[in-house]
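Q: Sequence and computational prediction follow.
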Amino acid sequence: MSDQLPPCITIKDLTVIYNSKPVIWDLDLIVPQATLLGIIGPNGSGKTTLLKTIMGTIKPIAGTITIHQNNKTQNTQNIAYVPQKNSIDWTFPVNVYDVVMMARTAKLYWYQQAQKKDYEIVDWAIEQVNMSNFKDKHISELSGGQQQRIFLARALAQQADILILDEPFNGIDLATEQLILSVLKGLKELGKTIIVVHHDLNTVQKYFDWTFLMNIKHIALGPTKNILTSENIEKTFQAKFDWNIPL
Ligand SMILES: Nc1ncnc2c1ncn2[C@@H]1O[C@H](COP(=O)(O)OP(=O)(O)O)[C@@H](O)[C@H]1O
Ligand SMILES: [Mg+2]
C-alpha cells in the first residue's frame, strides 16, 4: 500500500514567486516511493512551476525539497522529466533516435562516446513505446501522440528512478494515452516513483493511485479514492462542479 511506503519526495513550506507574485505558497507535499501520483489543479495554479522547482530549474524563495529513493538522498540526475509538449521547439533539427540518445549522452563527459550499452538502451526505450519504425524521422514529422511517445522513450532511456511528466496526455490519441499509461504502471510495479500533471478529472480515479490537488497552495493529498471528493474538487477549482465520483 502506498500510504505505508517511505517518502520519495518531501516538500516543506515551499514558496515560489514570479515578479513579486506568489505562484506557489507555503506548499507541503510528500510523494511516497513506488507511487503513480496525479497532480490536479486549474490553469495557472503553479503545477509546472512546482515540477520545475523539484527539478531545480526554478529556485524557491522559501522551503525545502528532499529526494529519497532506495534509502539514499538523491539529486535531480535521478529524475527524468518530460516537459509540457508546447514548451518544446519541434523545428529543432534532430531525428527520433537522436532525441532518445540525448538521455544517454547527457550523462557522458565531453571526451566520452556512447557505448554499445547506450545504443541498446536507446533501442529498448524506442521499442517500449512502439516507435521502432520511426527512428530516422525528423521529430516535426511526427503526430502529437508520436512526439509524446518519443519524449517518454527519452525519459525511459535515462533509466532514472523518478519520472515527472507535465500533461503527457494533452493533445494525443487514445491509443498513445493507453500505451503511456501502461508503461507508467509497469514502471511503478518496478518500484519507480512517477508524478504526472493531469487535467482530465474523469480519468484520475482510473489512472493514479495517489492524487495531489493544488491551487497555489496544497489542497489535498492521499490515495485517489479518498481525495477525489466533490468538496475537494470544488475547493481546487473554486467553482461548483457537476461531477459524480465513480467509486
Ligand atoms: N517565467 C514566468 N514568469 C512570470 N510568470 C510566470 C512564468 N511562468 C509561469 N508564470 C505564472 O505563474 C503562474 C503559474 O504558472 P504554471 O506553473 O505554468 O501553472 P500551471 O502549470 O498550473 O498551468 C501563472 O500565473 C503563470 O502566468
Ligand atoms: Mg502547466
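A: Structure received. Numbers count the residues shown, from 1 in each chain. Ligands and ions are numbered 1, 2, ... in the order given.
Q: What residues does the chain have near ligand 1?
A: Proximity of the chain to ligand 1 is assessed by C-beta under 6 Å from any ligand atom, with 18-19, 23, 41, 43-49 identified as the residues in range. Quick note: C-beta positions are derived from backbone N, CA and C, even for glycine.
Q: are any of those residues buried, and which?
A: Among the residues of the chain next to ligand 1, those scoring as buried are 23, 41, 45-49 (criterion: 16 or more other C-beta atoms under 10 Å).
Q: near ligand 2, which of these show up?
A: Restricting those to those touching ligand 2 (C-beta under 5 Å from the ion) yields 47-48.
Q: so of the buried ones among the residues of the chain next to ligand 1, which ones are in strands?
A: Per DSSP state E, strands hold the following members of those: residue 23.
Q: ok, now which ones touch the closest residue to ligand 2 within the chain?
A: Taking C-beta to the ion as the measure, the chain has residue 48 as its residue closest to ligand 2, at 3.2 Å. Applying C-beta atoms under 8 Å, 6 or more residues apart in numbering, we find residue 48 in contact with 84, 166, 197.
Q: Put the buried members of those residues into a ChimeraX selection.
A: Of these, the buried ones go into a single ChimeraX selection, burial set by 16+ other C-beta under 10 Å:
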select :166,197
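Q: will you turn the contacts of residue 48 into a markdown table that also has secondary structure, pLDDT and distance to ligand 2?
A: Below are the contacts of residue 48 laid out as a markdown table (DSSP: H, G, I helix; E, B strand; the rest coil; pLDDT from 0 to 100; distance: C-beta to the ion, whole Å):
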| residue | secondary structure | pLDDT | distance to ligand 2 |
| --- | --- | --- | --- |
| 84 | coil | 90 | 5 |
| 166 | strand | 97 | 6 |
| 197 | strand | 98 | 6 |
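Q: Dump the contacts of residue 48 into TSV; add distance to residue 65 as well.
A: Listed next are the contacts of residue 48 as TSV, based on distance: C-beta to C-beta, whole Å:
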residue	distance to residue 65
84	20
166	17
197	17
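Q: Residue 166 pairs with what?
A: residue 197 (DSSP bridges).
Q: Residue numbers of this structure in contact with ligand 2?
A: 47-48.
Q: Tell me which residue of the chain is furthest from the middle?
A: residue 111 (31.3 Å; C-alpha atoms, centre = their mean).
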